[in-house]
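structure of the sequence below:
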Amino acid sequence: MSDHYVQVMVQQMKSLGEDAEKEGVHSEEQVPATPVSPDPPSITATGRDESRASDQSRKNRSRLGRADRISCGNSDLSLYSSVVSAHVAKNLSRLEQERNANVRGGGKILQGKSETNGNYATIQTSKNTQDTRREDGIQLARRRRPVTVDTAKAKTSLEALKISIKQLKWKEFPLGRRTACDIYWHGVSFHDNENIISGQVNKFPGMIEMLRKINMSRAVRTMQDLFPEEYDFYPRSWILPEEYQQFSTQIRMVKENDTTLNPTFIVKPDGGSQGDGIYLIRDPSDLKFMAGSQAKQAVVQEYINKPLLIDKLKFDIRLYVLIKSMEPLEIYIAKEGLTRFCTEPYQEPSQKNLSHVFMHLTNYSLNIHSGNFVHSDSQNTGSKRTLSSVLYRLAAKGVDVKKVWSDIISLVIKTVIAVVPELKVYYHADIPPGKPGPTCFQILGFDILLMKNLKPVLLEVNSNPSMRIEHEQEVAPGVFKYVPSPVDKEVKVGVIRDTLRLMDPVQRQKPCNPVASPDEEALPSLCLKQVYPKYAKQFNYLRLVERIAGLFIRFLGVKGNMRLGPTAFRTFIRTCKLSNSNFTMASVDILYIDITRRWSGAVADSREAGMGLQAFVEAFFFLAGRRFKTLALRQQVASMLELCLEWRSGNDRPRTT
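Numbers count the residues shown, from 1 in each chain. Next comes the predicted model:
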């Protein structure tokens, strides 16, 4: 940053201070009476004379000017104060001591009256002091080392990432770097680069595996067993081929009980993406898979046949969610998202229109090939629009969009809580405690459908949502090229840029950066809103399976292992004192073999033999049912956890949340 630029910034800050004085707005210095904490205790200012005010000013240094107010966290919870860094405080103390020595006895010293404002004592500061602090802050910003970002593996998110790094004035390494970078941006997996021992990576180990359609359905189903009312946002699902008979039997019974019912189902291949291989059926006999070893794994779900329509078209919402940290759990939701529209007017499914993909499937990658697809530079027209434009239209029709948004936030938090237990096992295997490794964060793409009654339904979660800011356009029959997409750029650049801002290593070390650089002040407010732990009190009771995962990890023993062997399972039983004359260790071995054998057949890509977390959860539920027969399943599991955790003490406690 040039000296000329610094001088311009100083002059701008001085002008702001002068404007504040003209408008009658007094600058205030907020001085914590105690070390700053998230919830500082209330204090009362007692000093009223000049010498006490000056003494308190020397002892406690912070700053708050109209031009210097820095937002910490999300925009709706701004804290309009920040603690000055030790370097700035030291310089200010020296400057004020020199000024006091020069004016003592003749001139006016900084004067002010202490007042009570709840948590802070307010003291008037001089304009010269404010200007000095601003100049010092700019000097610190000039000397700050730029954050380094390795973009060698960024793939399709590269363009939006480049723009974001440029806006932040950080340093990009498009071909990688011999020395460590602060942030590594991978395009697909945590394992895109295997040699990272520090910094931060934008992928979690195991996220791809966890968000495959089958694993996702299993995780949500476990939560539905425990909390059926809280997890009713996910359509009823069956896993193929293992649950084909169960699916066929249940559908036959439904039709026999009510001959007027003829439900529709949507089949999604387990590893499918971009709408590939998805189709609709009305009878189990219509399933397109082969029996035996050639059977294709898939999930079949109830089809939502009464979606909310706009312009007679079905649409879904692509919402971007940042998991900033898993321990402790931190979740952010982008305030702006995308809505993707079908390109054929919607009709309820019938035998005649089941194959009309442009009517029933909202996938962008499918509808882009429709002759009715509308590319638009406007955010509120076309086949892809901003979420805010859709919510605005709904609000104009009298819809309570605040309630809709609140329901969506609840859906997101509950879904993340469902997948975190398994993610912790993957994390423990790839980055075990004591092993050098990076920390992780990740942007997820939630696909959500609004029903006609405005209830949100989770369609799926994408571990690698497209962050392209271009779209395909047919320039000749069968010939497509990528052209800029203003709607995508508006949404996705903001998501990536503000994710980087939240992961800034300097900001992470200090909850509230005391000196905002001119570059930071020029950026818009964060487009990411924290929803967890902000709303933790409302959802913490749902984290039962996560506590079971903590026990599971405790008994894994060997670093890098993801499966429990028979000896470790026996140790778990003995430690928790679950065996007795009616449930001998021989019965324990039979239980282990039975459950492990069944799950090894269901999970084809398991890393090693033994009992995985999902199998362990099933065993835990079984043991809880035996021990607490008279209680409901949720109470059985909670009571079992308390029983198993009684033995914990000191440093031997397993890592649970």
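
ok, the strand ranked longest in the chain: who's next to it in the sheet?
In the chain, taking DSSP state E as the definition, the longest strand is strand 313-326. Note on strand 313-326: by DSSP bridges, its sheet partners are strand 309-310 (antiparallel), strand 329-334 (antiparallel), strand 338-341 (antiparallel), strand 442-450 (antiparallel).

I'd like the distance from it to the chain centre, please.
For strand 313-326, the distance from its own C-alpha centre to the chain's C-alpha centre is 9 Å (Cα atoms, centre = their mean, to the nearest Å).

repeat that for stretch 540-559.
With Cα atoms, centre = their mean, you get 21 Å for stretch 540-559.

now the strands paired with strand 313-326 in CSV, with mean neighbour count, mean pLDDT and distance to W185?
(C-beta placed from N, C-alpha, C; glycine too.) Listed next are the strands paired with strand 313-326 as CSV, based on neighbours: other Cβ atoms under 10 Å; pLDDT from 0 to 100; distance: least, Cβ to Cβ, whole Å:
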stretch, mean neighbour count, mean pLDDT, distance to W185
strand 309-310, 16, 96, 35
strand 329-334, 23, 98, 17
strand 338-341, 23, 96, 21
strand 442-450, 22, 97, 10
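
now for those strands, which one comes closest to Q635?
strand 329-334 (24.1 Å; Cβ to Cβ).

how about the longest strand of the chain: buried residues?
For strand 313-326, a neighbour-count test (16 or more other Cβ atoms under 10 Å) marks 313-324, 326 as buried.

put the alpha carbons of it into PDB.
Output of strand 313-326 as PDB, limited to C-alpha atoms (Å, rounded to 0.1, in the frame of the first residue of the first chain):
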ATOM      1  CA  LEU A 313     -43.400 -24.100 -12.600                       C
ATOM      2  CA  LYS A 314     -41.800 -26.300 -10.000                       C
ATOM      3  CA  PHE A 315     -38.600 -25.100  -8.500                       C
ATOM      4  CA  ASP A 316     -36.100 -25.900  -5.700                       C
ATOM      5  CA  ILE A 317     -33.700 -23.800  -3.600                       C
ATOM      6  CA  ARG A 318     -29.900 -24.200  -3.600                       C
ATOM      7  CA  LEU A 319     -28.800 -22.900  -0.200                       C
ATOM      8  CA  TYR A 320     -25.100 -22.600   0.700                       C
ATOM      9  CA  VAL A 321     -24.100 -23.700   4.100                       C
ATOM     10  CA  LEU A 322     -20.700 -23.300   5.700                       C
ATOM     11  CA  ILE A 323     -19.500 -25.700   8.400                       C
ATOM     12  CA  LYS A 324     -16.700 -23.500   9.800                       C
ATOM     13  CA  SER A 325     -15.700 -26.000  12.500                       C
ATOM     14  CA  MET A 326     -16.800 -29.400  13.800                       C
END
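
mind listing what's buried along stretch 471-483?
Buried residues in stretch 471-483 (16+ other Cβ under 10 Å): 471-472.

residues contacting it, please?
368, 375, 384, 468, 470, 485, 488 (Cβ atoms under 8 Å, 6 or more residues apart in numbering).

mind checking which of those are in helices?
Here DSSP state H is the test, and these give D488 as lying in helices.

which two among the contacts of stretch 471-483 are spaced furthest apart?
The widest separation within the contacts of stretch 471-483 (Cβ to Cβ) is 13.9 Å, between H375 and R468.

more neighbours, the two?
R468 (18 against 15; other Cβ atoms under 10 Å).

now that one. Nearest residue, chain neighbours left out?
Using Cβ to Cβ, 6 or more residues apart in numbering and skipping the chain neighbours, the partner closest in space to R468 is T156 (5.3 Å).

who's in contact with the one you found?
T156 makes contact with 187, 466-468, according to Cβ under 8 Å, 6+ apart.

looking at those residues, spot the one nearest M562.
Of all these, G187 has the smallest distance to M562: 24.6 Å, by Cβ to Cβ.

if we can go back for a sec, who wins for most neighbours among the contacts of T156?
Greatest neighbour count in those, by other Cβ under 10 Å, goes to M467: 24 neighbours.

list the contacts for it?
M467 sits next to 156-157, 160-161, 443, 492, 495-496 when contact means Cβ under 8 Å, 6+ apart.

what about stretch 364-371, start to end distance?
13 Å (Cα to Cα, to the nearest Å).

that one: which residues count as buried?
The neighbour-count check on stretch 364-371 (16+ other Cβ under 10 Å) flags 364, 366-368 as buried.

how about these in JSON lines, adding pLDDT and distance to Q245?
Output for those, formatted as JSON lines (pLDDT from 0 to 100; distance: Cβ to Cβ, whole Å):
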{"residue": "Y364", "pLDDT": "88", "distance to Q245": "35"}
{"residue": "L366", "pLDDT": "89", "distance to Q245": "31"}
{"residue": "N367", "pLDDT": "88", "distance to Q245": "35"}
{"residue": "I368", "pLDDT": "86", "distance to Q245": "38"}
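
make TSV from the contacts of T156 and add distance to N561 and pLDDT to it.
Converted to TSV, these look like this (distance: Cβ to Cβ, whole Å; pLDDT from 0 to 100):
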residue	distance to N561	pLDDT
G187	29	91
S466	35	91
M467	34	93
R468	38	91
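
between those residues, which is nearest H360?
S466 (21.1 Å).

quick check: which ranges of the stretch 1-150 of the chain have low pLDDT?
Applying pLDDT under 70 to the stretch 1-150 of the chain picks out residues 1-144.

for the chain, which spans come out with low pLDDT?
Applying pLDDT under 70 to the chain flags the ranges 1-144, 273-275, 289-295, 508-521, 558-559, 601-608, 647-657.

please parse it into its domains.
Per the TED database, the structural domains of the chain span 208-413+440-508+524-538, 543-647.

show me where the stretch 401-550 of the chain has its strands.
Ranges of strands within the stretch 401-550 of the chain are 439-440, 442-450, 456-462, 470-476, 479-484, 528-532, based on DSSP state E, counting those that start in this stretch.

quick check: which of these is nearest to P566?
Comparing the strands of the stretch 401-550 of the chain by Cβ to Cβ, strand 439-440 comes nearest, at 31.9 Å.

which of the contacts of M467 are buried? Put it as a ChimeraX command.
To isolate the buried members of those in ChimeraX, using 16+ other Cβ under 10 Å:
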select :156,157,160,161,443,492,495,496
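
and of the contacts of M467, the nearest to E642?
Looking across those and measuring by Cβ to Cβ, the closest to E642 is I443, at 36.5 Å.

mind listing what that closest one touches?
Contacts for I443 (Cβ under 8 Å, 6+ apart) come out as 202, 320-322, 465, 467, 495-496, 499.

mind doing that once more with 7 Å?
320, 322, 465, 495, 499 (Cβ atoms under 7 Å, 6 or more residues apart in numbering).

return the member of those residues nearest to N582.
Nearest to N582 among the contacts of I443, with distances taken as Cβ to Cβ, is L322, at 49.1 Å.

do you know how far the closest residue to that closest one other than its chain neighbours is from L502?
Distance criterion Cβ to Cβ, 6+ apart; nearest residue to L322, sequence neighbours excluded, is Y332 at 4.2 Å. Using Cβ to Cβ, to the nearest Å, Y332 is found at 7 Å from L502.

now for those two: what residues contact both?
Shared contacts of Y332 and L502 (Cβ under 7 Å, 6+ apart): 324, 528.

contacting residues for the nearest residue to R252 once chain neighbours are set aside?
Leaving aside its sequence neighbours, R252 sits nearest to P284 (Cβ to Cβ, 6+ apart; 8.0 Å). Counting by Cβ under 7 Å, 6+ apart, P284 touches 247-248, 251.
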